[in-house]
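Colleague: Predicted coordinates and the sequence they were generated for:
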Amino acid sequence: MANPFRSLKYLPWTDLALSAVVTVAIASAIDYLLRMGLLALGTSAAAASISNGLLFLAAMVLPLAVYFGLGALGVIVTSRLFHQVILTANTMWALVACILLALFIRSLLPIPGLFIGGVNYFVIMGTAIGTFVYGRRYWRY
């Protein structure tokens, strides 16, 4: 009987881990800049009236969109910066695992952010869906 986990040792783990670190660093920088921009905007009275209407959107839709975008950004970074990695379904699953590991390590560090936090079910699903929707053209059967 063939071992289904045999192909795991042949994946380019170091390049995928570096790609995940670059991806999470870019996303964390954007998240931090958004936080600083909203804090600066939050001091005005007009922003308070606008923010009440956007509260539902910010609380429900944006976190899912952020993690969807994080998965897509992982594919973009890997395909543009790490040319030696051939993106297939196996390497994209490994990329999702590396991104989740990088997000877990980021959650242990005292880095302030607006949307990016720890790892939970929505983070896993959003990242996986974003990776495979954007990386659809890289699937090899």
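Modeller: Right, received. Where do you want to start?
Colleague: quick one: the helices in this structure?
Modeller: For the chain, the helices defined by DSSP state H cover 13-41, 45-53, 55-56, 62-81, 89-108, 121-134.
Colleague: what's the closest of these to residue 3?
Modeller: helix 89-108 (14.1 Å; Cβ to Cβ). From N, CA and C alone the C-beta is placed, and that goes for glycine too.
Colleague: Now do the buried residues in the closest one.
Modeller: 91-92, 94-100, 102-103, 106 (16 or more other Cβ atoms under 10 Å).
Colleague: With stretch 106-126 instead?
Modeller: Here stretch 106-126 shows 106, 113-116, 119, 123-124, 126 as buried, counting by 16+ other Cβ under 10 Å.
Colleague: Save these as CSV, and put in distance to residue 60 and pLDDT too.
Modeller: Formatted as CSV, the buried residues of stretch 106-126 follow (distance: Cβ to Cβ, whole Å; pLDDT from 0 to 100):
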residue, distance to residue 60, pLDDT
106, 23, 94
113, 18, 81
114, 15, 80
115, 12, 83
116, 17, 87
119, 19, 89
123, 15, 92
124, 18, 94
126, 13, 94
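Colleague: Going by distance to residue 69, which of the residues you listed wins?
Modeller: residue 126 (8.6 Å).
Colleague: The closest one touches residue 74, doesn't it?
Modeller: No. Applying Cβ atoms under 8 Å, one finds residue 126 not in contact with residue 74, separated by 11.7 Å.
Colleague: Any idea which helix or strand in this structure has the lowest mean pLDDT?
Modeller: helix 45-53 (a mean of 56; mean pLDDT, DSSP states H and E).
Colleague: what ranges of the protein fall below the confidence cut-off?
Modeller: 1-2, 4, 41-59, 140-141 (pLDDT under 70).
Colleague: Residue 8: neighbour count?
Modeller: Counted with other Cβ atoms under 10 Å, residues neighbouring residue 8 total 13.
Colleague: Over to residue 40?
Modeller: A count of neighbours around residue 40, defined by other Cβ under 10 Å, yields 10.
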